[in-house]
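I need the structure of the sequence given here:
(one chain, ligands or ions: 1)
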Amino acid sequence: MKKKVLILGSTGSIGRATLEVIENQRDTFEVSGLVCRDNIGLLNRQITQFNPRYVCIFNKRQEKDVSFHKNRLFTGIEGILRMINTDVDIVVNALPGSAGLIPTIETIKAGKILALANKESLVMAGRIVSGLVNKTGSRLIPVDSEHSALYQLMKDINPGDLKAITITASGGPFRKHKKKALELVSPEEAMNHPTWKMGKKVTLDSATLMNKGFEVIEARWLFDIGQDRIKVLIHPESIIHGMVEFIDGSFTAYLAVPDMKIPISYAINEGKIRELPFKNLCLHELKRLTFYPPDLVRFPSLRLAYEALDAGDSALVVLNSASEVVSQAFVEGKIRFTDMPVFIEEVLDRHRLTSVIDDLEVIWEVHNWAKEYAEKIIKDKR
Ligand SMILES: NC(=O)c1ccc[n+]([C@@H]2O[C@H](COP(=O)([O-])OP(=O)(O)OC[C@H]3O[C@@H](n4cnc5c(N)ncnc54)[C@H](OP(=O)(O)O)[C@@H]3O)[C@@H](O)[C@H]2O)c1
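Numbers count the residues shown, from 1 in each chain. Modelled structure (predicted):
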């Protein structure tokens, strides 16, 4: 029996890479459902190529342009939730930002295997998501390359032997920029990532290192490890994705070319390694692998993420929600690159801290407050 895969965000960077993996593993998988927001042209081509059972277009106004049977075509968040509850085995959640949280929760509750690219689910509600996974015994397999690396490296290790884990970062396009030069960078420059081709928000977050901050938070919940034992190293070649350090001073590291199809294949194959016909790592062609610590003065977003983890659950929600607002404002040319962490810090400073949140409604209350407050201070300061 082929495994039925539902792809949330099929027209995005992760969604397209997932379909490429499935195209190469047709013996194992069939596409059960495709979901996107409004990229009708690509969605229609994917429907023709993969013949899914269900399709959902988030933007209801576009429904009429989708070439698909009307009784199996859904819209909006209700449509996404319905699809999760159809006959699917694996849900790939590749939605961006807070849009991914409700589908993550629904997938776990429905007992489906969750291949999770949407790191924001864990940033906003890591305690609730990991609590649900433990309670229901369902499987969450990370798609993020660093977390896929660590997931594999941490398999079968004795917890007492573990000293720390390291997540690597390319450093983004501005890793050599001086503080003054960072003030002048344009949205177009920020969208030009040196090693990964990704969606807009995650690309911008990679340029500020907020993405690495989100990944530290993601690791905290995925591996149930304190933030003092989660390290970040800048590694511009993006070959080593994660490292585990042991109490005897030894390390293990995971190496691969920067290609999301590798962790996607591992996740949808439920933690199994499969042969892939894509570019392989050629070690003798590597001239060198370099590492250095991140600069938290030039890139304060990473510092904010560690501080939010120290502060408590509401700070993590605020970090993500304020980040969504300031990123949009930067892309629209309303604020400078260097203003983004300053505004996020202001929202964090002003919010009412709740250290433990185990109620999803409270997450959304904090989210809405943080978005409104961030919008207000951006408006007031312009
Ligand atoms: N790209 C990477 O290499 C990478 C690596 C690790 C983790 N991630 C994480 O994976 C997630 C997705 O990243 P991405 O780079 O693939 O993003 P992306 O290229 O922007 O794609 C987002 C996908 O989600 C759809 N979408 C957006 N909002 C939606 C909504 N409200 N309802 C339904 N569909 C919606 C988009 O549809 P339209 O095309 O119609 O807009 C598109 O299919 C993010 O959380 C990111 O941090 C990405």
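
contacts and neighbour counts: CA atoms only from here.
OK.

now the longest helix seen in the chain: mean pLDDT?
In the chain, taking DSSP state H as the definition, the longest helix is helix 360-381. Summarised as a single mean, pLDDT over helix 360-381 is 97.

in terms of contact count, name the helices or strands touching that helix.
Judged by 3 or more CA pairs under 8 Å, 6 or more residues apart in numbering; DSSP states H and E, the packing partners of helix 360-381 are helix 120-136, helix 313-331, helix 339-350.

Just after the first one, pick out the following helix or strand.
Taking DSSP states H and E as the definition, the helix or strand that follows helix 120-136 towards the C-terminus is strand 140-142.

So for the longest helix of the chain, what gets flagged as buried?
363-364, 366-371, 373-375, 378 (16 or more other CA atoms under 10 Å).

List the contacts of stretch 325-333.
With CA atoms under 8 Å, 6 or more residues apart in numbering as the test, stretch 325-333 has contacts from 187, 201, 204, 335-337, 340, 343-344, 371, 374-375, 378.

Mind putting those into a markdown table with distance to the ligand?
Listed next are the contacts of stretch 325-333 as a markdown table, based on distance: CA to the nearest ligand atom, whole Å:
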| residue | distance to the ligand |
| --- | --- |
| 187 | 15 |
| 201 | 7 |
| 204 | 10 |
| 335 | 21 |
| 336 | 22 |
| 337 | 19 |
| 340 | 18 |
| 343 | 21 |
| 344 | 18 |
| 371 | 16 |
| 374 | 20 |
| 375 | 20 |
| 378 | 23 |
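
now, the most widely separated pair of those residues?
187 and 371 (20.8 Å; CA to CA).

re the thing from before, deepest-packed of the helices and strands packed on helix 360-381, please.
Of all the helices and strands packed on helix 360-381, helix 313-331 carries the top mean neighbour count, a mean of 24, counting by mean count of other CA atoms under 10 Å.

Look at the closest residue to residue 88 other than its chain neighbours and give its secondary structure.
Among residues not flanking residue 88 along the chain, residue 4 sits closest, at 5.0 Å (CA to CA, 6 or more residues apart in numbering). Here residue 4 is recorded as strand under DSSP: H, G, I helix; E, B strand; the rest coil.

Against the ligand, how distant is residue 4?
Relative to the ligand, residue 4 is positioned 19 Å away (CA to the nearest ligand atom, to the nearest Å).

I figured that residue hits residue 32, correct?
Yes: using CA atoms under 8 Å, residue 4 is in contact with residue 32, at 5.2 Å.

Which neighbours do these two have in common?
Looking at what touches both residue 4 and residue 32 (by CA under 8 Å, 6+ apart), the common residues are residue 88.

Can you give me the domain boundaries for this structure?
Per automatic domain parsing, the domain ranges recorded for the chain read 3-142, 144-259+269-298, 312-382.

Off-centre distance for the longest one?
Spelled out, it's domain 144-259+269-298. 12 Å (CA atoms, centre = their mean, to the nearest Å).

For residue 4 and residue 32, indicate the residue with more neighbours.
residue 32 (23 against 19; other CA atoms under 10 Å).

The more buried one is in what secondary structure piece?
Assigned by DSSP H and E, residue 32 falls within strand 29-36.

need the contact list for residue 351.
315, 318, 370.

Find the nearest non-adjacent residue to the second one, please.
Closest residue to residue 318 in three dimensions, ignoring its sequence neighbours and counting by CA to CA, 6+ apart: residue 370, at 5.5 Å.

Could you check how many residues crowd around the residue of the stretch 201-350 of the chain found nearest the ligand?
The stretch 201-350 of the chain approaches the ligand most closely through residue 202 (4.8 Å), counting by CA to the nearest ligand atom. Residues near residue 202, counting by other CA under 10 Å, number 19.

Repeat that for residue 70.
12.
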